[in-house]
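Asks: just the structure for this:
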Amino acid sequence: MRSARRASESAVYWNTLERNTSELSPRELETLRYLTAINRRFDHIAAERGTDPTRFRAEITAHLKGLLADRPVATRVGPDVLEAVLRDGRFKTKFETGKSAGGAKVERRAWQERTWFGYDPDTLPADLRPIYGYVMVNGEYAAATGPHGLGWFERLADSQWEKGIGDSDVLSAYGEIQVVFKPEVLQRTTFTVGDSWNYRESTFPSHILNPQPESFGALQKPLGPPPAADGLPVPTTVWDHPLLTMDREYHKPSFTAADYVEAQVHGGVSVHDIDHVLLPREPTPELRRALDGTGTPWRVFNNETIARDGTPAERAAARERITEQRRWLDNRLANHMRRTGAGPGDPLVDAAYERRAVFDREIEMLKRPRSLRGDPGTDTDPAS
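Replies: Below you'll find the predicted structure:
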């Protein structure tokens, strides 16, 4: 704890080091413990790479600035939650609803938020606690839909998950509706690469407009066997976690199936903070009235609407994303069948085949020129 401070380390970390540790509060000591462990990990990784630790931290900071630049913050919800938000005029925090999709009890979350942000669990009003969402580092893309579209795990209910084979968009486990916030929200947003609760020993929130290396989510060196020959991580080992590598491909299913860049929006979030809403399908009459009644901009956004209304570049990007998802699913399915001996008739296998058929139809749909879909005009997409 008394190691020399580095200019690239977070202010919280090195300012605390200047004080006598006997004067620190329990909360400050816990914060210091987290930050010290993360920075020791940076030292270890830098040594393995033969890089100066200060330079290594500066490189990570530059990487984060590029990753987050001009990226909006959003959250995922289901239709019932969105209706409630529009009716109440604001998002309710986990401390008001008593629910957490990730499984963390509110008491434990309060303790963690005290460590991260200094929030007093006894005095901070529940409605001013953070709203959790994500940074749209991959831009806007069609959310996965359906009961078998949730990647590594499927969400059955709040805090209830089971292993599944499906799509590669873990964010859809929290809801298929994408609520995109206005740029002003960034002024009161912190972030972590990876789920802040799952990786609470490895990442620490910092301001999205002033990212710090401690938010990168640098995990320890992988343990256990290496990836299988087909490139699919071996289940039940730390290889399940894409944050184990420093060279991350945020747009690939290897990342999006299990992780995302989390955002924590502070000070309450109201309907007025919503920029627009992306729906996976036509809304119910009730949801449509709620959206229109609050003047909230919305549109249906899925691969069908991209195929119909998207530019050639947008359709090509959607095809590439689905092709990657299909390849990921094929590898995952083959590995599952090889390990278990399962075949047709197994619920997971049948669900995966159904999902693959959906991918095939969507790829073909995105390939067809507009003229073949009955749309006016011509399609100049050379890839079509």
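Asks: switch to C-alpha atoms for all contacts and neighbour counts from now on
Replies: Will do.
Asks: residue 41 contacts residue 216, correct?
Replies: No. The pair residue 41 / residue 216 is not scored as a contact, 11.6 Å apart, by CA atoms under 8 Å.
Asks: neighbour count for these two, which is higher?
Replies: For the pair residue 41 and residue 216, the greater number of neighbours falls to residue 216 (26 against 17), based on other CA atoms under 10 Å.
Asks: find the nearest non-adjacent residue to that one, please.
Replies: Using CA to CA, 6 or more residues apart in numbering and skipping residues adjacent in sequence, the residue nearest residue 216 is residue 193, 5.3 Å away.
Asks: next up, phi/psi of the one you found, please.
Replies: Main-chain dihedrals, residue 193, degrees, to the nearest 10: phi -80, psi 120.
Asks: residues of the longest helix that the chain contains that come out buried?
Replies: Longest helix in the chain by number of residues (criterion: DSSP state H): helix 312-340. If you call a residue buried by 16 or more other CA atoms under 10 Å, then helix 312-340 has these buried ones: 312, 315-316, 318-319, 321-326, 328-330, 332-336.
Asks: equivalent analysis for stretch 129-143, please.
Replies: Per 16+ other CA under 10 Å, stretch 129-143 contains these buried residues: 129, 130, 131, 132, 133, 134, 135, 136, 137, 141, 142, 143.
Asks: against residue 116, how distant is the closest residue to the third one other than its chain neighbours?
Replies: Spatial nearest neighbour of residue 131, chain neighbours left out: residue 265 (5.1 Å); criterion: CA to CA, 6+ apart. With the distance defined as CA to CA, to the nearest Å, residue 265 ends up 13 Å from residue 116.
Asks: same question, residue 271
Replies: Here the distance between residue 271 and residue 116 works out to 26 Å (CA to CA).
Asks: just residue 359 next, same as before
Replies: Between residue 359 and residue 116 the distance is 41 Å, computed by CA to CA.
Asks: what does residue 61 give?
Replies: As judged by CA to CA, residue 61 and residue 116 stand 19 Å apart.
Asks: near residue 22, how many other residues are there?
Replies: Summarising burial for residue 22: neighbours were counted as other CA under 10 Å, giving 7.
Asks: which SS class is it?
Replies: Taking DSSP: H, G, I helix; E, B strand; the rest coil as the rule, one finds residue 22 in the helix state.
Asks: again with residue 75
Replies: Under three-state DSSP, residue 75 falls in the strand class.
Asks: repeat that for residue 190.
Replies: Using three-state DSSP, the secondary structure recorded for residue 190 is strand.
Asks: neighbours around residue 257, how many?
Replies: Based on other CA under 10 Å, the number of other residues close to residue 257 is 24.
Asks: try residue 123
Replies: Residue 123: 7 surrounding residues under other CA under 10 Å.
Asks: torsion angles phi and psi at residue 274?
Replies: Taking degrees, to the nearest 10, you get phi -80, psi 130 for the backbone angles of residue 274.
Asks: how far away is the residue positioned nearest the centre of the chain from residue 254?
Replies: To find the centre residue of the chain, average its C-alpha atoms and take the closest one (CA atoms, centre = their mean): that gives residue 260, at 2.3 Å. Per CA to CA, residue 260 is found 11 Å from residue 254.
Asks: low pLDDT regions in the chain?
Replies: Within the chain, the segments meeting pLDDT under 70 span 1-21, 98-104, 146-167, 219-246, 370-384.
Asks: in it, which spans are helices?
Replies: 11-17, 26-49, 53-68, 79-88, 94-97, 106-117, 253-256, 285-293, 303-309, 312-340, 347-367.
Asks: winner for burial among those helices?
Replies: When you average the neighbours per residue for each of the helices of the chain (mean count of other CA atoms under 10 Å), helix 253-256 leads with a mean of 22.
Asks: ok, and what's touching stretch 282-289?
Replies: 79, 82, 83, 300 (CA atoms under 8 Å, 6 or more residues apart in numbering).
Asks: could you report the neighbour count for the closest residue to the last one other than its chain neighbours?
Replies: Translated: residue 300. For residue 300, the nearest residue in space outside its immediate sequence neighbours is residue 279; the separation is 4.6 Å by CA to CA, 6+ apart. Residue 279 sits with 20 neighbouring residues when counted by other CA under 10 Å.
Asks: go ahead and confirm residue 279 touches residue 175.
Replies: No. Under the criterion of CA under 8 Å, residue 279 makes no contact with residue 175, lying 10.3 Å away.
Asks: surely residue 259 meets residue 198?
Replies: No. Residue 259 is beyond contact range of residue 198, at 9.9 Å (criterion: CA under 8 Å).
Asks: show me which of those two is the more surrounded one.
Replies: When residue 259 is set against residue 198 and neighbours are counted by other CA under 10 Å, the residue ahead is residue 259, at 21 against 13.
Asks: got phi/psi on that one?
Replies: phi -140, psi 170.
Asks: tell me how far it lies from residue 53.
Replies: Residue 259 sits 26 Å away from residue 53, going by CA to CA.
Asks: ok, now residue 183?
Replies: According to CA to CA, residue 183 stands 34 Å off from residue 53.
Asks: ditto for residue 296
Replies: In this structure, residue 296 and residue 53 are 47 Å apart, going by CA to CA.
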